[in-house]
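**Q** Okay, predicted coordinates and the sequence, questions at the end:
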Amino acid sequence: MPTTSKRDRVSRAEQKARTRAAIVDACRTLIASGRMLTMPEVAELAGVSEATAYRHFSEIVELINAALVGMWPTPAEALEPVAGSTDPADRLEFATEVLLRRVVAYQGSVRAVIAATVVNPPRARARPGFRFGLIDEALDPVVPTRNGSRLAQLKQDLAAVVSADAFFSLTDLCGLDTEAAIASLRRTARTLVTAALPELTEDRGDAAPG
């Protein structure tokens with residue numbers, strides 16, 4: 001009975017790794033194009049069958065998450081232009097713009113992820129969630145933590161505004177163009193932060209010790 005040599009095993013592992021890398025690279029190319037992204041399109045661009053693509057990535061969200069590694073700046077890198085600002089509203093407005101500009105640029109893949117998770121709610125947490133890091137980076141360095149529960153509530157409120165979902169609601173349902181939609185969400189984000197600041201500066205005694 002023939003046996004598989006160590007060299008054969010290594011060769012197969014290398015081929016598998018190359019195939020996976022080709023699929024991820026193809027996905028990155030499609031993400032950067034802004035086009036609607038599907039597994040068949042990725043497979044075709046990578047030069048593999050759709051079945052092969054699914055053997056490496058069980059669903060489109062898993063593939064997009066792998067492809068996005070390195071394509072988004074870290075929150076600190078994204079907010080570097082406002083790193084010296086102590087105004088939480090200014091910082092949050094800038095974070096909103098950063099997120100939504102990237103949503104526009106990568107619109108096809110963002111829509112694909114939203115579509116895949118809307119019909120499968122348990123998978124919603126698999127979405128990249130870049131908004132949360134940006135909100136934290138915008139607020140945490142400059143907002144007092146005297147009222148921790150109010151800060152947590154504010155971040156939850158902002159997550160509904162600093163989001164691709166809100167942007168697409170304004171463009172697809174309300175008919176706003178890109179610039180008007182971004183301006184609207186920037187204003188809303190600023191309003192939420194400004195309204196919360198008086199409560200955030202109150203000493204409520206629920207901040208974390210230390």
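**A** Alright, I've got the coordinates.

**Q** Tell me how far the helix ranked longest in the chain lies from the chain's centre.
**A** Selection of the longest helix in the chain by residue count, based on DSSP state H, yields helix 6-33. A distance of 24 Å separates the centroid of the chain from that of helix 6-33, by C-alpha atoms, centre = their mean, to the nearest Å.

**Q** Next secondary structure element downstream of it?
**A** helix 39-46 (DSSP states H and E).

**Q** and that next one, what does it pack onto?
**A** For helix 39-46, the elements it packs on are helix 6-33, helix 50-56, helix 60-68, judged by 3 or more C-beta pairs under 8 Å, 6 or more residues apart in numbering; DSSP states H and E. To be clear about C-beta, it is placed using only N, CA and C from the backbone, and glycine gets the same treatment.

**Q** So what touches that helix?
**A** Contact with helix 39-46 is made by 19, 22-23, 25-27, 29-30, 35, 49-50, 52-54, 57, 60, 63, as judged by C-beta atoms under 8 Å, 6 or more residues apart in numbering.

**Q** one step back: in the longest helix of the chain, what counts as buried?
**A** For helix 6-33, the buried set under the neighbour-count rule, 16 or more other C-beta atoms under 10 Å, comprises 19-20, 22-24, 26-28, 30-31.

**Q** and that helix with helix 60-68, angle?
**A** Relative orientation of helix 6-33 versus helix 60-68 (axes from the mean of the first three to the mean of the last three C-alpha atoms, to 10 degrees): 90 degrees.

**Q** Can you tell me the centre-most residue of this structure?
**A** The centre of the chain sits closest to residue 130, judged by C-alpha atoms, centre = their mean, with a distance of 3.4 Å.

**Q** element containing the closest residue to that one other than its chain neighbours?
**A** What sits nearest to residue 130 in space, not counting adjacent residues and going by C-beta to C-beta, 6 or more residues apart in numbering, is residue 72, at 5.7 Å. Per DSSP H and E, residue 72 falls between elements, in no helix or strand.

**Q** what sits against residue 72?
**A** The contact partners of residue 72, by C-beta under 8 Å, 6+ apart, come to 78, 102, 128, 130.
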